[in-house]
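Participant: could you work out the structure for the sequence below:
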Amino acid sequence: MAAEPSQNVVFVLSPVRSILVVDDEAAVRQSLNDVLCFENWDCRLVDSGWAALREIERNPPDVILLDHRLPDFSGCEIVQQLRAKNCDIPVVLLTSNYHVRAVGQWGNSFFALAKPFSIDDLFRVISVAASSRPVSVQTGGS
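Facilitator: Numbering: from 1, shown residues only. Here you go, the predicted structure:
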């Protein structure tokens, strides 16, 4: 008869993190979706500032990846609206504007990534942004 294990084995899975990708260019949204999903991010995609604000209100993500130039708002205007509502979701602003990259007025949960960027740089900044906000993990109670 085989001996029974004396300890239970517990597998710890890292929680799935959600990210909202906001970009008006469909090809950019799809490319970001492809690389982020490959790294086990739960991606939601929107194409405008209004759609982003609605999605954040409805289902807040862990991180927001936000294009600076959108047809209806600038990325900075969206960040201002979020901060005015005391929304502390980390935001990674994708920008080619040097002055925006230097802005630190939105606190520790605001990050800027200069275009063009590498996939390594993208994941590095997203990782730092995601770690700036604790993850909520629900477990079965007993």
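Participant: low-confidence ranges in this structure?
Facilitator: Flagging of the chain using pLDDT under 70 yields the residue ranges 1-16, 98-108, 133-142.
Participant: S132 versus the residue most central in space within it, what's the distance?
Facilitator: Nearest to the mean C-alpha position of the chain, by CA atoms, centre = their mean, lies V63 at 2.3 Å. Remark: distance between V63 and S132 (CB to CB, to the nearest Å) = 9 Å. Using the backbone N, CA and C atoms, a C-beta is placed for each residue, glycine as well.
Participant: shared neighbours of these two, which are they?
Facilitator: Residues touching both V63 and S132 by CB atoms under 8 Å, 6 or more residues apart in numbering: P90.
Participant: please, where are all the strands along the chain?
Facilitator: 17-22, 41-46, 63-67, 91-95, 110-114 (DSSP state E).
Participant: figure out which of the ones you listed is closest to L32.
Facilitator: For these, proximity to L32 was assessed by CB to CB; strand 17-22 is nearest, at 5.0 Å.
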